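S.K.: give me a 3D structure for the following:
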Amino acid sequence: MLGEQPTPAEIERVAELLGRRPGGDFTIVVREPDGDPVVIRNYPLLNSGRPMPTRYWLVGPALRSRIGTLESSGGVRDAEATVDPEELAAAHKRYGAERDAEIPDDYTGHRPSNGVGGTRQGVKCLHAHYAWFLAGGDDPVGRWVHEQLAIDHE
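M.R.: Okay, here's the model as predicted:
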């Protein structure tokens, strides 16, 4: 899996940030300058065998809070109105393809479906889009969130 395997202490830190133990394997793909995890990359199947559609998960508390504020002020609606729907649909396909490529070919159980954060179309969660963007994903909603956060700091 892409990213750095977490140490036992980092698994505990991610559990603290999430408020629960992660349900599956993950790597850390984005960190704060002090090393604290910001974005984790989930394996597409949880330890229980349940599909995990959300590939990239934002765990950094400061960014989660700022994006929560953006969402509560209509950010999801604004992002959908601003981003090109065809570009967004293509991003969902890339995200799903990357996630699905990590599932073994001989796996016969339920698979995760859809795109960013399990969304079929449009925007469901700005956190999921921004997590993928921070991890290097070509996500138009993630770019939009990044611009909004920069404007918020001006």
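S.K.: how far is the helix or strand bottoming out on mean pLDDT in the chain from where the chain is centred?
M.R.: Every helix and strand in the chain was compared by mean pLDDT, DSSP states H and E; the lowest is helix 140-153, with a mean of 91. Distance, stretch centre to chain centre, for helix 140-153: 15 Å (CA atoms, centre = their mean, to the nearest Å).
S.K.: now stretch 70-81
M.R.: The answer for stretch 70-81 is 17 Å, by CA atoms, centre = their mean.
S.K.: I'd like the numbering to begin with 55 instead of 1 from here.
M.R.: Yes, from this point I'll number from 55; that puts the last item at stretch 124-135.
S.K.: figure out the length between the terminal residues of that stretch.
M.R.: End-to-end distance for stretch 124-135, by CA to CA, to the nearest Å: 15 Å.
S.K.: I'd like the average pLDDT over that stretch.
M.R.: The predicted model gives stretch 124-135 an average pLDDT of 96.
S.K.: what's in contact with that stretch?
M.R.: For stretch 124-135, contacts defined as CB atoms under 8 Å, 6 or more residues apart in numbering pick out 121, 176-181, 183, 195, 198-199, 202-203, 206. To be clear about C-beta, it is placed using only N, CA and C from the backbone, and glycine gets the same treatment.
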